[in-house]
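Asks: Provided below for reference: sequence and predicted model.
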Amino acid sequence: MQVRTVAVIGAGTMGSGIAQVCAQSGLQTKIFDAFPESLDKGMERIFAFWDKGIEKGKTRKNEKEEWSLNLKSCYEISEALENVDLVIEAVPEIMELKKEIFLKIDKLAPKHAILATNTSSLPISEIANVTNCPERVIGMHFFNPVPIMKLLELVKHEKCSEETIKLAQSIGLKIGKETILVNDVPGFATSRLGVIIGNEAIKMLSQGVASASDIDTAMKLGYKHPMGPLELSDLVGLDVRRDILNSLAESFNDESYRPHPLLNNLVLEGSLGKKTNKGIYIWDENGKKERDDLPR
């Protein structure tokens with residue numbers, strides 16, 4: 001089977017980014033969100049990215065026009081799922097919500113379509129098993145910002161077919177990503193490592209080991225990380241990081257995975273990171289750090 005048409009369900013930061021790279025790769029791409037205002041914002045985010053590329057001389061106007069023709073916003077999920085070869089779900093990390101979405105996808109999507117979830121930590125098998133076609137369900141974990149990050153983590157569960165895996169790998173190649181294949185274990189490979197490093201960095205910050213910017217600089221210069229663990233936590237979302245840590249603690253029955261109290265407190269006060277302009281760092285409206293780190 002050749003994938004020509006993609007539906008992305010969810011138009012937040014991740015969903016709009018996924019739709020963007022699909023459209024740029026020549027795939028006919030439809031994007032849907034249950035909230036019309038979120039869908040409109042997602043489309044605006046994509047066009048703003050292209051316009052910024054034109055301003056910087058990285059994108060040509062005719063490229064934007066070509067990519068725009070590949071992209072369609074849909075205000076009904078049934079329209080988005082009609083005649084597609086691949087569905088990528090990118091709704092919030094809530095298991096019951098994802099199950100609800102996959103029940104709809106299973107009923108409305110074509111019987112040949114590959115069904116993917118962009119979850120960063122939830123069990124793929126649990127999502128797949130609500131459908132009548134678990135063999136066609138796979139995890140496709142993208143990274144933020146999707147148009148820039150090269151990695152695509154593919155997650156297979158025990159009922160996932162080899163054909164589904166191969167198609168997902170070929171899609172990753174087409175949209176310019178390098179894929180890795182991991183088993184369906186809590187936190188997969190990337191999220192498990194990432195949140196542990198981030199949680200330890202938050203613990204160090206609370207203990208006064210160093211400032212947030214110095215902890216981040218240590219990892220960037222000392223270990224060649226492109227972004228420090230605290231800055232990355234703000235980018236991903238502190239609420240997302242907290243939820244993954246709690247999920248790992250419950251899955252492994254190991255309290256050492258629990259989020260540090262500072263992380264819990266930041267989430268409770270609504271300081272979720274870049275998306276709220278305040279987290280471990282203060283961020284301005286253009287997404288740049290306004291202040292190095294908050295006093296604790």
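Replies: Yep, that arrived. Since the structure is predicted, the reported quantities are computational estimates derived from the model, not experimental observations. Residues are numbered from 1 along each chain as shown.
Asks: Helices along this protein, start to end?
Replies: Counting by DSSP state H, the segments of the chain that form helices are 13-24, 36-55, 61-69, 77-81, 95-108, 124-128, 162-174, 190-206, 212-222, 229-236, 238-252, 261-268.
Asks: Out of those helices, the one nearest M149 is which?
Replies: helix 13-24 (8.9 Å; C-beta to C-beta). Placement of C-beta: from N, CA and C, glycine included.
Asks: Check which helices and strands that closest one sits against.
Replies: Other helices and strands packing on helix 13-24, by 3 or more C-beta pairs under 8 Å, 6 or more residues apart in numbering; DSSP states H and E, are strand 5-9, strand 28-32, helix 36-55, helix 61-69, strand 71-74.
Asks: Mind listing residues that contact it?
Replies: Residues outside helix 13-24 that contact it (C-beta atoms under 8 Å, 6 or more residues apart in numbering): 6, 8-9, 11, 29, 31, 33, 42-43, 45-46, 49, 67-68, 70-71, 88, 90-91, 118, 142, 144-147, 175-177, 275.
Asks: same deal with stretch 247-260?
Replies: Everything outside stretch 247-260 that qualifies as a contact, by C-beta under 8 Å, 6+ apart, is 121-122, 186-187, 192, 195-196, 199, 202-203, 206, 241-242, 245-246.
Asks: Count the neighbours of N62 for me.
Replies: 8 (other C-beta atoms under 10 Å).
Asks: pLDDT score for it?
Replies: N62 is assigned a pLDDT of 96 by the prediction.
Asks: With L294 instead?
Replies: 57.
Asks: for N118, same thing?
Replies: pLDDT, the model's per-residue confidence, is 96 for N118.
Asks: now do M1
Replies: If you check M1, the pLDDT there is 84.
Asks: who are the neighbours in contact with it?
Replies: 85, 112, 163, 167.
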